[in-house]
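Q: predicted coordinates and the sequence they were generated for:
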Amino acid sequence: MATTCQRYKRERHIAELAVQRAAILTEAVYYSQVKQTLTKDDKSPVTLADFGAQALVLAALATAFPDDKYIGEEDSAGLRTNPELSALVFDAVARTLKSNKQGASNINLGTMGSEQEMWDFIDLGNHDATAAGRVWTLDPIDGTKGFLRGGQYAIALALLVDGVVQVGVLGCPHLSSEGEEGIILSAVRGQGVVVKQMSADLNSILHPSEISMSRVPTAEASFCEGVEAGHSAHELQAKIANDLGISKATVRMDSQAKYASIAMGQGEIYLRLPTKMTYEEKIWDHAAGVVIIEEAGGIVVDMYCEPLDFTQGRTLKRNKGVVALPRGIFGDVMEVVTRNALEKYGKSAL
Ligand SMILES: Nc1ncnc2c1ncn2[C@@H]1O[C@H](COP(=O)(O)OS(=O)(=O)O)[C@@H](OP(=O)(O)O)[C@H]1O
Ligand SMILES: [Mg+2]
Ligand SMILES: [Mg+2]
Ligand SMILES: [Mg+2]
């Protein structure tokens, strides 16, 4: 039986290494001229790097934890019918595997020898139940629009056990801590959260430092929100900031880099109010961020102040809107958020 401090130690380590390896691929694509992109049924983009990162992370998890289940944002359908794109993804994966030093760790992060094998790894992420057992959830590139624009993006990986997030890892190649760009945050429930520098060498994500959220009073806080006007209600968020007497400019940032940023005290309140009440937030857009915020001393709830319910499968269908913030200003801020949410949306849609 693992002692408390060893709980999920291996899961966290392998998740960090898998995210680090995937980031080597996504960064190579980020700086290349080739960012081949498909448009999915919901009109959102998926790039060759999203597919490649999902294949690499799920290969690592399937090798280390073959009895677990996995939920990934992407599936291989768009590759199986597009040989040209599939070949590009496989080439990026093969280059990453080749360039990647396994170093002294002896940890087998899995490999793949054919496009068919790559498609099969991607499709391991098709699971859809989360209420029982161990289920990993992966967003291979969160903030794909940001990735394409040259903004922030994150590789987000979390382990749910019986519907509760126990481990979360966020790789943020373009976020900085102490002047160094490219960081990985990781948390295990009950054991705090650390930030580490990313590196091109798989084994050198060392020197973890503890982080925690900011402690400023509400009026001195600042908001962090998404860049895309279609993903959260910017106008209502501005009204809430005004109602709270907040005068600092809102920071707009793509992806779960928002959670990472406020976890490190680089901002205070992440607000994501729906633009459409029919939209169901995806678990991979929040799971890693939630445990990272909670372990940094914060709270994450929906706009009605209810905890996020990860037992409902691939989406957070019992929640609307997401708010993450430090404990110290929770009461003040949530009173204003829930009042505005009720005025604008009522409660009937749930
Ligand atoms: N309508 C709507 N409402 C809310 N959220 C939506 C919506 N449509 C898409 N998505 C999801 O938004 C994810 C990106 O969120 P961001 O916080 O990065 O948004 S933003 O681009 O910075 O505005 C994005 O994640 P990725 O697809 O991984 O980029 C989507 O899952
Ligand atoms: Mg997407
Ligand atoms: Mg996402
Ligand atoms: Mg994504």
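A: That came through, no problem. Ligands and ions are numbered 1, 2, ... in the order given.
Q: next helix or strand past the longest helix seen in the chain?
A: The single longest helix within the chain, with elements called by DSSP state H, is helix 9-30. Using DSSP states H and E, the next helix or strand after helix 9-30 towards the C-terminus is strand 37-39.
Q: residues contacting that next one, please?
A: With contact meaning Cβ atoms under 8 Å, 6 or more residues apart in numbering, strand 37-39 is reached by 45-48, 78, 82, 85, 148. (C-beta placed from N, C-alpha, C; glycine too.)
Q: residue 242: neighbouring residues, count only.
A: By the criterion of other Cβ atoms under 10 Å, residue 242 has 11 neighbours.
Q: can we start the residue count at 44 from this point?
A: Okay, using 44 as the starting number, the last item reads as residue 285.
Q: for the helix or strand hosting it, what is the average pLDDT?
A: Secondary structure assignment for residue 285, by DSSP H and E: helix 277-286. Mean pLDDT, helix 277-286: 96.
Q: so which bits of that helix are buried?
A: In terms of neighbour count (16 or more other Cβ atoms under 10 Å), helix 277-286 has its buried residues at 277, 279-280, 283-284.
Q: looking at the residues you listed, which is nearest residue 256?
A: Here the nearest of the buried residues of helix 277-286 to residue 256, counting by Cβ to Cβ, is residue 284; it sits at 18.1 Å.
Q: pLDDT score for the nearest residue to the closest one once chain neighbours are set aside?
A: Setting aside the residues directly before and after it, residue 284 is nearest to residue 266 in space (Cβ to Cβ, 6 or more residues apart in numbering), at 5.3 Å. For residue 266, the pLDDT comes out at 96.
Q: residue 266 bridge partners, please.
A: Beta-bridge partners recorded for residue 266 (DSSP bridges): residue 312.
Q: now do it: how many residues are near it, please.
A: 24.
Q: OK, now which residue of the chain is nearest to ligand 3?
A: Closest to ligand 3 within the chain is residue 185: 3.6 Å, counting by Cβ to the ion.
Q: for the chain, name the helix or strand with the lowest mean pLDDT.
A: Lowest mean confidence among the helices and strands of the chain (mean pLDDT, DSSP states H and E): strand 252-253, at a mean of 80.
Q: circling back to that earlier point, point out the other helices and strands that the helix holding residue 285 packs with.
A: strand 266-268, helix 373-388 (3 or more Cβ pairs under 8 Å, 6 or more residues apart in numbering; DSSP states H and E).
Q: most packed of the ones you listed?
A: Neighbour counts (mean count of other Cβ atoms under 10 Å) averaged over each of the helices and strands packed on helix 277-286 peak at strand 266-268, with a mean of 23.
Q: need the contact partners of that one.
A: Contacts of strand 266-268 with the rest of the structure, by Cβ under 8 Å, 6+ apart, involve 275, 277, 280, 284, 289, 291, 293-296, 301, 304-305, 310-315.
Q: show me what the helix or strand encompassing residue 95 is packed against.
A: According to DSSP H and E, residue 95 maps onto helix 91-107. Where contact means 3+ Cβ pairs under 8 Å, 6+ apart, helix 91-107 is packed against helix 52-73, strand 112-115, helix 126-142, helix 158-166, strand 177-185, strand 197-204.
Q: could I get these as CSV with mean neighbour count?
A: Listed next are the helices and strands packed on helix 91-107 as CSV, based on neighbours: other Cβ atoms under 10 Å:
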stretch, mean neighbour count
helix 52-73, 23
strand 112-115, 23
helix 126-142, 17
helix 158-166, 20
strand 177-185, 27
strand 197-204, 28
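Q: out of those, which comes closest to residue 150?
A: helix 52-73 (6.4 Å).
Q: quick one on the thing from earlier: which ones among the contacts of strand 266-268 also lie next to ligand 2?
A: Residues of these in contact with ligand 2 (Cβ under 5 Å from the ion): none.
Q: can you turn the buried part of the residues you listed into a PyMOL selection?
A: This is the PyMOL syntax for the buried subset of these, where burial follows 16+ other Cβ under 10 Å:
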select buried, resi 275+277+280+284+289+293+294+295+296+301+304+305+310+311+312+313+314+315
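Q: coming back round to it: mind putting the helices and strands packed on helix 277-286 in CSV, distance to ligand 2 included?
A: Below are the helices and strands packed on helix 277-286 laid out as CSV (distance: least, Cβ to the ion, whole Å):
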stretch, distance to ligand 2
strand 266-268, 18
helix 373-388, 24
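Q: which of those sits closest to ligand 4?
A: Nearest to ligand 4, of all the helices and strands packed on helix 277-286, is strand 266-268, at 18.1 Å by Cβ to the ion.
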